[in-house]
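[1] Quick one: sequence plus predicted model below, questions after.
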Amino acid sequence: MKLDSKTPGGPLEQKWDKHRFDLKMVNPANKRKFSIIVVGTGLAGGSAAATLAELGYNVKVFTYHDSPRRAHSIAAQGGINAAKNYQNDGDSIWRLFFDTIKGGDYRAREGNVYRLAQVSVNIIDQCVAQGVPFARDYGGLLANRSFGGAQVSRTFYARGQTGQQLLLGAYGALMRQVAAGKVELHTRKDMLDLVLVDGVARGIVVRDLITGEVEAHTADAVVLATGGYARVYYLSTMAMASNVTAIWQAHKKGAFFANASWGQIHPTCIPRHGDRQSKLTLMSESLRNDGRIWAYKNKGETRPPGQIPDEDRDYYLERIYPSFGNLAPRDVSSRAAKRVCDDGFGVGSTGHAVYLDFRDAIARDGRDVIDSKYGNLFQMYHEITDEDPYQVPMRIYPAPHYTMGGLWVDYNLMSTVPGLFVIGEANYSDHGANRLGASALMQGLAGGYFILPYTIGGYLSGEKLPKIAADHDACRGAVSGVKDRINRLLSLNGSRTVEEIHKDLGLLMWEKCGMSRNEEGLREALRRIPEIREEFWQDAKVVGRNEDLNQVLENADRVAAYLEFAELMVQDALQRTESCGCHLREESQTPDGEAVRKDDEYAFVSAWEFQGVGKEPALHKENLDFEFVSLSTRSYK
Ligand SMILES: Cc1cc2nc3c(=O)[nH]c(=O)nc-3n(C[C@H](O)[C@H](O)[C@H](O)COP(=O)(O)OP(=O)(O)OC[C@H]3O[C@@H](n4cnc5c(N)ncnc54)[C@H](O)[C@@H]3O)c2cc1C
């Protein structure tokens, strides 16, 4: 199969406008004849569902949460990027486009990224109109702060709760449509399979998490907005139920999976503190606006941080990357932290941490100013660690946080399965090999409010779609497949908990396919994953029954999907012998640990086709043509 990105030709600035004009439209009176399933109510799914319903489509929304407001997007702290140039500091759509392409290490589609930057300005207007309480400056204009990988301030924020406030905006818009009868809301439903009729996405199979009932729902198109899969590492900053299940099942039904191994390791997380932890906590990147990062200059340092003078501190980011300093992008900052800790200069009892220090900022701006910007983050840190960051520096260490990989989509956000659209973190997205801070919210809302609502119309208007009922053979087959899967899981009566096996997988993935990778480690992971998978099916224990709320069962199905997916992730990392963005292949780096890209060989998106569990997937390449920027070695020095 030849991958066709459907990126329109012509000047970069005109591609999206022209494409929108060329797309066939659905007459307003005909929109009510179409139904669309949206899975996920985070920023991507919530905004898409609300907008599609506002346009007149009939929308059915699914989430496993008890309310759309509980989606993982609520956890986003630091902010959302937009090229408004409110600071008059030289920002522009072109600059946001360029920063994103460069930040992603030249592994994203130019057309998509430019559109993202264009649409970013509409998002802020939309959210302000909804009443999102973005921070404002003294004169009343919306305030901005800086995030990594940019030299302008373009990040809009609502204290450290930006995701929550944006989600409330999308939720309000969604619930308005629920009240208007245009959106049917299905909470506590876990999507466990995709239904295809004649190779076209026509429905989903869900399990009711309270009653255990498994049922099919049908529509004219299906949109997956199910978020990211960093929980493959077990420990991550993602919500505990974040999963790969929905997109993995879609992959097994024919949707190609792109750049599966590109996961972002965020540099500023509270370090792991023991073996009994199930979750890691992010300290927002926005803290790097004012906090300074340092490690010990001398090995074996024992003095408390407040007693270590500046000459014995290594502000290593400021030293190595003087022009970006503490705002170097995430991949670069994470690897630098790992290096100083691996070399023995890490702080705290484990040595796997560095300091994020506000001493100078508090002395310069005063505690009140720092409190007004980051108060809730400081409070959160204090509650978790029992250390007061106003008095002692925060300890931070990189942790899995976001996944750039996901289902391959074309310019219309449609996967390789006709009628299956994928938005938000669930698609392989516009961030290339490394996402810049505050760009995920932008991408999720761009897709949901401003891109998918047009492109899906182009699809629906061009197709003849017979009505499919939930008792169609394809639905019955998919429902019975899911029931068999559930029964198989419930029959597991071994000696290990699902959680323990997930931890084994997570540790293996972190060590062999985490912040840095090499061929030997990846090959070892490929040997070990099938063994862990086998152990799961032979020796895991799943207690309880299907007909009740059973979180062990829910989790078992998610872990089963991770155990299959992990192999794809490793294959993806193994195939790409270059380093790019978050993907550091140790065989391809400079002596001082900087990534070495191989543009001649690897300027493509890896899109994988499923060939069976445990079988080597087939690689398809979407070549990335750079017409408007020239590829260069990223430098933040
Ligand atoms: C701690 C933290 C802080 C962050 N801060 C920022 C930030 O400041 N700025 C920024 O740009 N980005 C940030 N990010 C990233 C950003 O929050 C996410 O990438 C983004 O919110 C993802 O949105 P989404 O709508 O794609 O998915 P999600 O918000 O993850 O929503 C997924 C939805 O899908 C549903 N779902 C999933 N699987 C199923 C299934 N099988 N069946 C039914 N429903 C399902 C869930 O119930 C949920 O409703 C942060 C991430 C983390 C972890």
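    Structure received. A quick note: this is a predicted structure, and the numbers were derived from the prediction, not measured.
[2] wait, Tyr86 sits on Gly140?
    No: between Tyr86 and Gly140 there is no contact under Cβ atoms under 8 Å: 11.3 Å. Any C-beta I mention is one placed from the backbone N, CA and C, and that applies to glycine too.
[3] any idea how far Ala258 lies from Thr403?
    11 Å (Cβ to Cβ, to the nearest Å).
[4] Who has more neighbours out of these two?
    For Ala258 versus Thr403, neighbours defined as other Cβ atoms under 10 Å are more numerous around Thr403 (30 against 25).
[5] How about that one: what's its closest non-neighbour residue?
    Gly228 (4.0 Å; Cβ to Cβ, 6 or more residues apart in numbering).
[6] Contacts only, for that neighbour.
    Met238, Ser242, Tyr402, Thr403, Gly406, Glu425, Ala426 (Cβ atoms under 8 Å, 6 or more residues apart in numbering).
[7] How about Val223?
    Counted by Cβ under 8 Å, 6+ apart, Val223 has contacts Ile36, Ile37, Val38, Val39, Gly45, Ala48, Phe421, Val422, Ile423, Leu452, Ile456.
[8] how much space between the second one and the ligand?
    Pointing back at Ile37 there. 11 Å (Cβ to the nearest ligand atom, to the nearest Å).
[9] quick one: pLDDT of the residue of the stretch 401-550 of the chain found nearest the ligand?
    The shortest separation between the stretch 401-550 of the chain and the ligand is 2.4 Å, found at Gly424 (distances taken as Cβ to the nearest ligand atom). If you check Gly424, the pLDDT there is 98.
[10] before we move on, what about Met1?
    pLDDT for Met1: 77.
[11] gap between the two ends of stretch 268-287?
    9 Å (Cα to Cα, to the nearest Å).
[12] State the next helix or strand along the chain beyond whichever strand or helix holds Val222.
    Taking DSSP states H and E as the definition, Val222 sits inside strand 221-224. Downstream of strand 221-224, the next assigned helix or strand under DSSP H and E is helix 245-252.
[13] thought Gln575 was touching Leu619?
    Yes: contact criterion Cβ under 8 Å: Gln575 and Leu619 qualify, at 6.4 Å.
[14] between those two, what contacts are shared?
    Shared contacts of Gln575 and Leu619, counting by Cβ under 8 Å, 6+ apart, come down to Ser606.
[15] Tell me the bridge partners for Lys189.
    Residues in a beta bridge with Lys189, per DSSP bridges, are Asp208.
[16] Tell me how many other residues crowd it.
    23.
[17] Repeat that for the one 10 residues further on.
    For Gly199, the neighbour count with other Cβ under 10 Å is 11.
[18] Name the nearest residue to Trp248, sequence neighbours excluded.
    Trp248 sits nearest to Ala561 (Cβ to Cβ, 6+ apart), 4.6 Å away.
[19] Now do the one you found against Tyr402, distance only.
    19 Å.
[20] ok, now Asp388?
    29 Å.
[21] quick one: which of these two has more around it?
    Neighbours per residue (other Cβ under 10 Å) separate Asp388 from Tyr402, with Tyr402 holding more: 27 against 11.
[22] Run through the bridge partners of His217.
    With DSSP bridges as the rule, His217 is bridged to Ile204.
[23] what about it, distance to Arg69?
    22 Å.
[24] Same check on Arg159?
    Counting by Cβ to Cβ - Arg159 and Arg69 are separated by 18 Å.
[25] what does Ala440 give?
    In terms of Cβ to Cβ, Ala440 sits 18 Å off from Arg69.
[26] Which residues are in contact with the closest residue to Asp599 other than its chain neighbours?
    Nearest-residue entry for Asp599: Leu631, 5.2 Å, with adjacent residues in sequence omitted and distances by Cβ to Cβ, 6+ apart. Leu631 makes contact with Tyr106, Arg597, Asp599, Ala603, according to Cβ under 8 Å, 6+ apart.
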